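Enquirer: Mind looking at a prediction? Sequence and model below.
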Amino acid sequence: TALTNAPVATRFPAGFLWGAATASYQVEGAVREDGRTPSIWDTFSHTPGKVLNGDTGDVAVDHYHRWRDDVRLMADLGLTAYRFSVAWPRVQPTGRGPAVQRGLDFYRGLVDELLAQGIKPVVTLYHWDLPQELENAGGWPERDTAYRFAEYAGLVGEALGDRVESWVTLNEPWCSAFLGYGSGVHAPGRTDPAAALRAAHHLNLGHGLASSVLRDVLPARAQVGISLNPSVVRALTEAPADLDARRRIDALANRVFTGPLLKGAYPRDLITDTAAITDWSFVRDGDTAAIHQPLDFIGLNYYTPAVVSAARPDREGPRLDGHGASQHTPWPGADDVDFHHAPGELTAMNWPVDPTGLTDLLLDHTAQAPGIPLYVTENGAAYEDVVDAEGRVHDPDRIRYLHAHLAAVHDAIEQGADVRGYFLWSLLDNFEWAYGYGKRFGAVYVDYETQERIPKSSATWYSRVARSGGLPAES
Ligand code: GBH
């Protein structure tokens, strides 16, 4: 088509990684094979009422059996990197003890095939599938889970360290802590604000301990980082009460992680704001130093910004925020903050499209963490994709979304952000957590009856971008 020879209008730095991402529970299926035991997401998805339509990850997109085809698909698309996660309950079914060889073999095979195709593997150690046995012992609100995570990280590091350079400890610890233990819309579905704050700390500690272990077992060239989902929080107005709402959500969404990670301390205002919920005595001497490890990169996941205000007396209906179907807040101590839609058209998730948030996010982290390279480890959108009479999937909305967000990344680079790569969420349509299979984020369509993969027009578009190293003037 016309684009094949279209000139590149916006060029990215040489070596910029053009990737796509997935996560184990969302794509693998095969939940009872080769020694895998249930994770909290198996339990949660099999609990009636937790996931839309009663969908589960039992089969997902059968990636556990179709991984060779999926790698070929990535190679055909010209991707230069693939971010996937390791399922902890495949490697260490009870969350303790020695590694299961068959579990490790699956990931070793996958990594070898990626390398053979010239695709850089980026391994995420934890994308939300905690072994159920560890949840039975208390889960992330319990300190021991951080030690267990570090031990597991060491097992995977030892097994794959000779061939994997890039390591992400945790994916979006905010979701694990505040959606898992606060609002309860994610596994394990607990709704206890104090437990959510304890979980956030133990996730931070787990990251710190795991990165120390990884430094010990991995070759010196290894890169160790974390993927965060910072809220780009904007105040609805400049009124002091709205600015204060912004400050409080920024503390609970962002600084609860970047404080200890980048500065070695929890923010004072966060501790004061949550004093009625917890005294933070679970933070022991030495913990914040253990969390404050060198980071080789920061991964940023971005979808949409948040607009907040102080509670409005005239507010109507349910608030727009991470409450989802839950009556419980993911924002401990800030239940009185109102969330509003940013301007912009909505995706199928009802998330406003606002690419300027991505530029802001990258520049903000450039200022906060000078000298640390950044990756966009997730960005993408769900739309109502359908297969047409010719068997094709046309998704011009997604192409526009990707184009605008990649242009936003380029803007940030021009303004000084050291962004080394971009990972489209997601390679394939997959299990979208509490939304089940109802929301499609893939560049590649999956027919959930036959497991057939059909690259959408956005996949073709992205593949041209990846091959040319830049954006066309128009999509
Ligand atoms: C990521 O989560 C996940 O890493 C990935 O597994 C997932 O499939 C993908 O994004 C798409 O959802 O919750 O209404 O306040 C993103 C989860 C979505 C949580 C945006 C915070 C803010 C809007 N985040 N959400 S709301």
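Expert: Here it is on my side, so go on. Numbers count the residues shown, from 1 in each chain.
Enquirer: Which SSE is immediately downstream of the one helix or strand A20 maps to?
Expert: Mapping A20 onto the secondary structure by DSSP states H and E places it in strand 17-21. Scanning the chain past strand 17-21 towards its C-terminal end, the next helix or strand to appear is helix 24-27 (assignment: DSSP H and E).
Enquirer: Check the offset of that next one from the chain's centre.
Expert: Its chain's C-alpha centre and that of helix 24-27 lie 12 Å apart, by C-alpha atoms, centre = their mean, to the nearest Å.
Enquirer: Identify the residues contacting that helix?
Expert: Residues lying outside helix 24-27 but in contact with it, judged by C-beta atoms under 8 Å, 6 or more residues apart in numbering, are 39, 41, 57, 60-61, 63, 84-87, 90, 127-129, 426, 428, 430-433. For the C-beta atoms, the positions are set from N, CA and C on the backbone; glycine is no exception.
Enquirer: correct me, but F423 touches A21?
Expert: Yes - with contact defined as C-beta atoms under 8 Å, F423 counts as touching A21 (4.3 Å).
Enquirer: Between the two, point out the one with more neighbours.
Expert: A21 (30 against 26; other C-beta atoms under 10 Å).
Enquirer: Quick one: residues contacting the more buried one.
Expert: With contacts defined as C-beta under 8 Å, 6+ apart, A21 is in contact with 82-84, 377-378, 423-427.
Enquirer: Next step: those residues restricted to strands.
Expert: Judged by DSSP state E, the subset of these located in strands is 82-84, 377-378, 423-425.
Enquirer: re earlier: which residues are in contact with each of F423 and A21?
Expert: The contact sets of F423 and A21 overlap at 83, 377-378 (C-beta under 8 Å, 6+ apart).
Enquirer: Intersect these with the contacts of the ligand.
Expert: Applying C-beta under 6 Å from any ligand atom to the shared contacts of F423 and A21, one finds that E378 fall near the ligand.
Enquirer: Considering the shared contacts of F423 and A21, which possesses the most neighbours?
Expert: For the shared contacts of F423 and A21, neighbours were counted using other C-beta under 10 Å, and R83 has the most, 30 neighbours in all.
Enquirer: gap between that one and D385?
Expert: For R83, the distance to D385 under the criterion C-beta to C-beta, to the nearest Å works out to 22 Å.
Enquirer: Format the ones in strands among the contacts of A21 as TSV; extra columns: pLDDT.
Expert: Compiled in TSV, the ones in strands among the contacts of A21 are given as follows (pLDDT from 0 to 100):
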residue	pLDDT
Y82	99
R83	99
F84	99
T377	99
E378	99
F423	99
L424	99
W425	99
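Enquirer: how about the strands in the stretch 151-300 of the chain?
Expert: Counting by DSSP state E, counting those that start in this stretch, the stretch 151-300 of the chain has strands at residues 166-171, 223-228, 233-235, 297-301.
Enquirer: now for the least confident helix or strand in the chain by mean pLDDT, which elements pack on it?
Expert: When the helices and strands of the chain are compared on mean pLDDT, DSSP states H and E, strand 8-11 comes out lowest with a mean of 90. When contacts are defined as 3 or more C-beta pairs under 8 Å, 6 or more residues apart in numbering; DSSP states H and E, strand 8-11 sits against helix 396-414, strand 470-472.
Enquirer: can I get those in a markdown table with mean neighbour count and distance to the ligand?
Expert: A markdown table is the format used below for the helices and strands packed on strand 8-11 (neighbours: other C-beta atoms under 10 Å; distance: least, C-beta to the nearest ligand atom, whole Å):
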| stretch | mean neighbour count | distance to the ligand |
| --- | --- | --- |
| helix 396-414 | 20 | 13 |
| strand 470-472 | 19 | 23 |
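Enquirer: quick one, which of those is nearest to V8?
Expert: For these, proximity to V8 was assessed by C-beta to C-beta; strand 470-472 is nearest, at 3.6 Å.
Enquirer: State the paired neighbours of the closest one in the sheet, together with their directions.
Expert: Each strand paired with strand 470-472, and its direction, by DSSP bridges: strand 8-11 (antiparallel).
Enquirer: buried stuff in the partner strand?
Expert: T10 (16 or more other C-beta atoms under 10 Å).
Enquirer: for stretch 337-354, same thing?
Expert: For stretch 337-354, by 16+ other C-beta under 10 Å, it's 337-340, 342, 344, 347-348, 351-354.
Enquirer: out of those residues, who's nearest V393?
Expert: The closest of the buried residues of stretch 337-354, once distances to V393 are taken by C-beta to C-beta, is A348, at 13.9 Å.
Enquirer: For the closest one, list the residues it contacts.
Expert: A348 touches 381-384, 439-440, counting by C-beta under 8 Å, 6+ apart.
Enquirer: Pull the number of nearby residues for the residue nearest to E142 when sequence neighbours are not counted.
Expert: Nearest residue to E142 in three dimensions, chain neighbours excluded: H202, at 7.0 Å (C-beta to C-beta, 6 or more residues apart in numbering). The burial metric for H202, expressed as a neighbour count using other C-beta under 10 Å, is 28.
Enquirer: Contacts only, for H202.
Expert: Contact partners of H202, counting by C-beta under 8 Å, 6+ apart, are 140-143, 145-146, 282.
Enquirer: Please report how far it lies from the ligand.
Expert: In this structure, H202 and the ligand are 19 Å apart, going by C-beta to the nearest ligand atom, to the nearest Å.
Enquirer: do the same with E449
Expert: Looking at E449 against the ligand, where the rule is C-beta to the nearest ligand atom, the gap reads 22 Å.
Enquirer: isn't there a helix covering that residue?
Expert: No - membership of E449 in a helix is not supported by DSSP: H, G, I helix; E, B strand; the rest coil, which gives coil.
Enquirer: Give me the pLDDT value at it.
Expert: E449 carries a pLDDT score of 98 in this model.
Enquirer: and it, what are its phi and psi?
Expert: phi -80, psi -50 (degrees, to the nearest 10).
Enquirer: shift numbering so it begins at 21
Expert: All right, first residue 21 from here; so that's E469.
Enquirer: give me the number of residues near it?
Expert: Neighbour count of E469, defined by other C-beta under 10 Å: 6.
Enquirer: Could you list the contact residues of this protein toward the ligand?
Expert: Residues of the chain lying close to the ligand by C-beta under 6 Å from any ligand atom are 43, 46, 191-192, 195, 249, 321, 323, 341-342, 398, 445, 452, 461.
Enquirer: Mind listing what's buried along stretch 79-99?
Expert: Buried residues in stretch 79-99, defined by neighbour count with 16+ other C-beta under 10 Å: 79-84, 86-87, 90-91, 93-95, 97-99.
Enquirer: Surely F169 is in contact with E162?
Expert: No - using C-beta under 8 Å, F169 makes no contact with E162, being 11.4 Å away.
Enquirer: and for these two, which residues touch both?
Expert: Jointly contacting F169 and E162 under the rule C-beta under 8 Å, 6+ apart is no residue at all.
Enquirer: ok, those two, which is more surrounded?
Expert: Taking F169 and E162 together and counting by other C-beta under 10 Å, F169 has the greater number of neighbours (27 against 18).
Enquirer: For the more buried one, which residues are in contact?
Expert: For F169, the set of contacting residues under the criterion of C-beta under 8 Å, 6+ apart consists of 145-146, 226, 229-230.
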